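Participant: Got a predicted structure plus its sequence, pasted below:
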Amino acid sequence: EKNGYAHFMLKEIYEQPRAVRDTLAGRLCNASGVIELPEINVSPETFQSAQRVLIASCGTSWHAGLAAKFLLERMARIPVEVDYASEFRYRDPLVSGSDIGLLISQSGETADTLAAQAEMIAKGSQTVAICNVVGAALTRKAVGTITTNAGPEIGVASTKAFTAQLAALLAFSLYAAQSRGTMTPEEIQALSQDLLKLPALMETALRSCQPVCESLAEIFANASDFLFLGRGIHYPIALEGALKLKEISYVHAEGYPAGEMKHGPNALVDETLPVVCVATKDIHDPTSVLKYEKTLSNIQEVTARGGRVIAIAVEGDNEIAKLVEHTIYVPQAREVLLPLIEVIPLQLLAYHIAVKRGCDVDQPRNLAKSVTVE
Ligand code: F6R
């Protein structure tokens with residue numbers, strides 16, 4: 001069943017372009033250029049009058065939620081709050097009928113996420129699920145569901161479910177933007193077109209990153225700690241890179257917003273510390289470029305202290321390679337699409353480090369695929 005791959009995780013990493021393509025299929029612009037998402041059962045009017053979107057999820061699905069905050073606030077100009085599902089109901093959260101609840105879960109059976117959904121519903125909010133399992137508990141309480149068509153995920157570490165969630169969240173954000181009139185039909189059409197090209201860019205990233213990640217794993221397999229940095233929408237991806245490494249290789253790793261380094265973590269930096277920095281940019285987007293430049297200064301702060309930086313950068317960025325020890329290149333894309341591409345080298349790096357360390361990649365110790373206790 002592994003189709004010739006050594007592990008399910010690797011097979012699932014390679015399935016991502018297909019998972020994203022299948023999740024987007026039928027959900028982007030139709031011939032008349034309109035996004036239709038009837039399965040969520042949320043009308044354009046509800047999106048217009050909504051005050052907030054409240055997101056709750058766990059682990060990798062929480063990282064997708066953090067990325068969705070950037071997508072929804074930017075594209076649909078609606079305030080978004082993101083909570084760990086396990087924390088949500090313990091602070092008597094403020095929820096009202098004008099909030100749209102959004103629960104993200106691969107399994108749809110995570111007890112914490114179900115409890116957060118119950119809290120939202122009890123307080124009068126409608127909930128929408130993003131879920132990879134048709135008919136799962138989460139979807140039965142939701143008014144509507146976007147099913148991620150990643151297919152069954154066997155590896156305990158989530159990979160294709162994550163990128164499929166990001167794809168579903170992009171479709172959700174496009175629909176919200178269309179409903180709220182915050183993007184023009186031309187902008188929606190153009191982004192939809194670029195989304196259709198995304199799986200091909202992910203294929204390219206898989207091909208080009210694989211050998212680089214394998215040789216970097218050789219170099220860094222014995223490191224005892226890693227930092228992962230990113231800024232803006234790249235910060236949740238840094239968190240995801242750190243989580244992948246922790247869970248399958250048992251190496252301590254932390255994700256941090258790049259700009260927070262000088263507020264404490266720089267004290268950790270020495271010549272033994274690998275620092276993986278997501279430093280991609282959308283060269284056509286001035287805010288993205290500005291953010292990238294700030295991230296470059298953060299990288300220089302790390303290298304000045306001897307830290308060993310591995311940068312994830314877009315093809316054509318030849319400057320960054322002069323500043324850092326290693327660069328992993330990924331294809332250029334729009335800012336909101338880069339997360340689905342740049343996470344690929346982080347997954348591959350974690351995978352190869354775990355293999356080099358002799359870990360059980362598909363069945364890491366102490367973890368279960370679906371966490372059905374609170
Ligand atoms: C990480 C991982 C977990 C899950 C989390 C939520 O690789 O798999 O962190 O993401 O337990 O699970 P779901 O998405 O099923 O609610």
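Facilitator: Cool, the structure landed. Keep in mind the model is a prediction, meaning the values are calculated, not measured. Residues are numbered from 1 along each chain as shown.
Participant: Tell me the residues of this structure that contact the ligand?
Facilitator: Within the chain, the positions near the ligand by C-beta under 6 Å from any ligand atom are 58-61, 105-107, 110, 113, 157-158, 243, 247, 370-371. Where C-beta positions appear, they are placed from N, C-alpha and C, glycine not excepted.
Participant: ok, 8 Å please
Facilitator: 57-62, 85, 104-110, 112-113, 132, 138, 156-159, 161-162, 165, 243-244, 247, 367, 369-371 (C-beta under 8 Å from any ligand atom).
Participant: pLDDT value on Glu342, please?
Facilitator: With respect to pLDDT, Glu342 has a value of 98.
Participant: quick one: which of the residues of the chain next to the ligand sit in strands?
Facilitator: Ser57, Ile104, Ser105 (DSSP state E).
Participant: and the last one, what does it touch?
Facilitator: What it means is Ser105. Shown in contact with Ser105 (C-beta atoms under 8 Å, 6 or more residues apart in numbering): Ser57, Cys58, Ser61, Thr113, Ala129, Ile130, Cys131, Asn132, Ala136, Leu138.
Participant: circling back to that earlier point, from the residues of the chain next to the ligand, keep the buried residues only.
Facilitator: If you count burial by 16 or more other C-beta atoms under 10 Å, the buried members of those come out as 57-62, 85, 104-110, 112-113, 132, 138, 156-159, 161-162, 165, 243-244, 247, 371.
Participant: Which of the residues you listed fall in helices?
Facilitator: 59-62, 85, 112-113, 138, 161-162, 165, 243-244, 247 (DSSP state H).
Participant: Most widely separated two among the residues you listed?
Facilitator: Distance extremes for these: the farthest pair is Leu138 and Lys244 at 23.3 Å, using C-beta to C-beta.
Participant: Next SSE downstream of the host helix or strand of Glu203?
Facilitator: Element membership of Glu203, judged by DSSP states H and E, is helix 185-220. Per DSSP H and E, the first helix or strand lying C-terminal to helix 185-220 is strand 225-230.
Participant: what comes up buried for that following strand?
Facilitator: For strand 225-230, by 16+ other C-beta under 10 Å, it's Phe226, Leu227, Phe228, Leu229, Gly230.
Participant: Give the bridge partners for the second one, please.
Facilitator: This points to Leu227. Glu254, Val275 (DSSP bridges).
Participant: distance of it from Pro265?
Facilitator: Separation of Leu227 from Pro265 (C-beta to C-beta, to the nearest Å) stands at 7 Å.
Participant: Touching both of the two, which residues are there?
Facilitator: Contacts common to Leu227 and Pro265, judged by C-beta under 8 Å, 6+ apart, are Glu254, Tyr256.
Participant: Kindly present the buried residues of strand 225-230 as a markdown table, with separate columns for pLDDT.
Facilitator: What follows is the buried residues of strand 225-230, written out as a markdown table (pLDDT from 0 to 100):
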| residue | pLDDT |
| --- | --- |
| Phe226 | 97 |
| Leu227 | 97 |
| Phe228 | 98 |
| Leu229 | 97 |
| Gly230 | 97 |
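Participant: what secondary structure does Tyr256 sit in?
Facilitator: Using DSSP: H, G, I helix; E, B strand; the rest coil as the criterion, the local structure at Tyr256 reads strand.
Participant: In what element of secondary structure is Gly124 found?
Facilitator: Using DSSP H and E, no helix or strand contains Gly124.
Participant: who's in contact with it?
Facilitator: Here Gly124 is in contact with Val95, Ser96, Gly97 (criterion: C-beta under 8 Å, 6+ apart).
Participant: Could you do Leu337 as well?
Facilitator: Leu170, Asp194, Leu195, Leu198, Leu201.
Participant: The last one: what's its closest spatial neighbour, skipping adjacent residues?
Facilitator: Nearest non-adjacent residue to Leu201, counting by C-beta to C-beta, 6 or more residues apart in numbering: Pro331, 4.4 Å away.
Participant: The one you found is in contact with Glu315, isn't it?
Facilitator: Yes - using C-beta atoms under 8 Å, Pro331 is in contact with Glu315, at 5.9 Å.
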